[in-house]
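# Dropping the sequence and predicted coords here.
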Amino acid sequence: MSINISDKYTPLFNRPEGVDTYIITGGRFSQKTFATSLSALTAVLQKGHRVMYSRFTNASLKDSIFAEVEDRIEMMSLESSFDVQQNRIDSKVNNGKIVFKGLKSGSGQQTAALKGLSDFSMLILDEAEEMIDEAIYDKISLSIRGNGVHSEEPNVKVLILNPTTKEHFIYKKYFQARGIQEGFNGVKNNVCYIHTSYFDCLEFVPKGTLQYFDDMKEDNPQKYNHVIMGGWLDKAEGCVYTNWEFGEFNPDGLQIIYGQDYGFRDPTTLVGVAIDKKRKVIYVKEELFKSGLTNSEIAKINLSVCGRNLIIGDSASAGIINEIRRMGCNVVGAKKGAGSIEAGVALLQDYKLIIEPESSNLANELNNYVYTDKGANLFCTMFDHSLDALRYVALYALGSTGKIEIR
């Protein structure tokens, strides 16, 4: 049967030479999942691909992408070619298959699920914007090692996403680093880019929806470009801190206090903070943002940057604080406990934050630290390593238990 999809999806079905990665972006009614599910079935039947069709989370897998692919089988009258089971679809004509599995279960990484990926020759990751850890993606990508029936057919990764902020690793890795403009359709090196919008399939968009899109374009062009057209955002919606700007770190006689958050896989951070209470301004400078540091390395950096100036460290890491204190750092634990995050955020929101222009990791966090539930004062637990360090200083210096005089 004849199925109408945009010509922009042709490379999904006729792979350009040398391509092993697809980046598929678009907004509402852009046919991303529809076209990709069709191409997955074609890849299985024609090339014998063994496909891992996944999302980062397990949420609604059965009712979403599995149902999409099952519907495509019926639409193309391919019931005799496939055996549809609980969480997989097997080909009856070759060894190809499609297995549906989330890559994360609950609050932890489902790393055990990655052990069997070497059997697969194609990874299709739907809603790839949920994958925010490049290291996990690299681990998954390198685990896809099974060849299709045809030995010349390369292993393939297909990332389908609704673009998020430009701080996402997919934008930095596949767009910024390669000089690719958003909305590009074509091939560069080993990557094929496909971007579509509702303009590519107008015949399938209800008239009422088109009017809704037109109204949004007029009333809220930024939302229209991001949600409807699939454009990338400079910063996330619902940012906690909107009261900041870049500016010179010029404490002008103000006392500088340092905040520090500790990690190993996560970065250890250090920020210099100078607070002008009279003018309601806080000057902030990023001094450290690095993973994998030992305690002695942290102490050496602290002494070099801070000297004997006071450091407010994450009190949850009491062992680290005690050890680097023995090495000469003037560090005390931050005040933490019930309500301390909300209190620290409220203090910082009451000031203008001036961020030193080279503090790129701090700016990244400010652009991506969002409310998960504003009404309940719930904040995301990502993009907060330098901001936590800043908050420790704010609570110490401006909270009710502050022990130092701030001009």
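Ah, there it is.
# which helix is the longest one in this structure?
Assignment by DSSP state H gives helix 32-47 as the longest helix of the chain.
# quick one: contacts of the following helix or strand past that one?
For helix 32-47, the following helix or strand on the C-terminal side (DSSP states H and E) is strand 50-57. For strand 50-57, contacts defined as C-beta atoms under 8 Å, 6 or more residues apart in numbering pick out 40, 43-44, 61, 64-66, 69, 95-104, 117, 119-128, 130-131, 144, 146, 148. Quick note: C-beta positions are derived from backbone N, CA and C, even for glycine.
# Apply 7 Å and report the result again.
With C-beta atoms under 7 Å, 6 or more residues apart in numbering as the test, strand 50-57 has contacts from 40, 43-44, 61, 65, 69, 96-104, 117, 119-127, 130-131, 146.
# can you count the residues close to residue 215?
11 (other C-beta atoms under 10 Å).
# any idea how far residue 204 is from it?
Distance of residue 215 to residue 204, given as C-beta to C-beta, to the nearest Å: 20 Å.
# And residue 26, by the same measure?
Distance from residue 26 to residue 204, by C-beta to C-beta: 13 Å.
# Looking at the two now, which is surrounded by more residues?
residue 26 (26 against 13).
# Tell me, what's the model's pLDDT at the more buried one?
For residue 26, the pLDDT comes out at 95.
# Also residue 113?
With respect to pLDDT, residue 113 has a value of 53.
# Could you do residue 223 as well?
pLDDT at residue 223 comes out at 84.
# Show me the helices in this protein, by range?
Under DSSP H, the chain gives helices at 10-13, 32-47, 65-75, 134-143, 169-171, 207-219, 221-223, 295-306, 318-326, 340-349, 360-368, 385-398.
# Relative to residue 91, which of those helices is closest?
Comparing those against residue 91 with C-beta to C-beta, the closest turns out to be helix 32-47 (5.1 Å).
# Determine the set of other helices and strands touching that closest one.
On a contact count with 3 or more C-beta pairs under 7 Å, 6 or more residues apart in numbering; DSSP states H and E, helix 32-47 meets helix 10-13, strand 21-26, strand 50-57, helix 65-75, strand 97-105, strand 122-125, strand 156-161.
# Pull out the buried residues from the first one.
Put plainly, it is helix 10-13. 11, 12 (16 or more other C-beta atoms under 10 Å).
# average pLDDT across that helix?
For helix 10-13, the per-residue pLDDT values average out at 95.
# same question, the third one
Over the span of strand 50-57, the pLDDT mean works out to 85.
# Parallel or antiparallel, list what pairs with it.
Strand 50-57 pairs in its sheet with strand 97-105 (parallel), strand 122-125 (parallel), by DSSP bridges.
# Can I get those in CSV including distance to residue 338, mean pLDDT and mean neighbour count?
Converted to CSV, the strands paired with strand 50-57 look like this (distance: least, C-beta to C-beta, whole Å; pLDDT from 0 to 100; neighbours: other C-beta atoms under 10 Å):
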stretch, distance to residue 338, mean pLDDT, mean neighbour count
strand 97-105, 28, 80, 20
strand 122-125, 38, 94, 25
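# would you list these in a markdown table and tack on distance to residue 325?
Listed next are these as a markdown table, based on distance: least, C-beta to C-beta, whole Å:
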| stretch | distance to residue 325 |
| --- | --- |
| strand 97-105 | 37 |
| strand 122-125 | 45 |
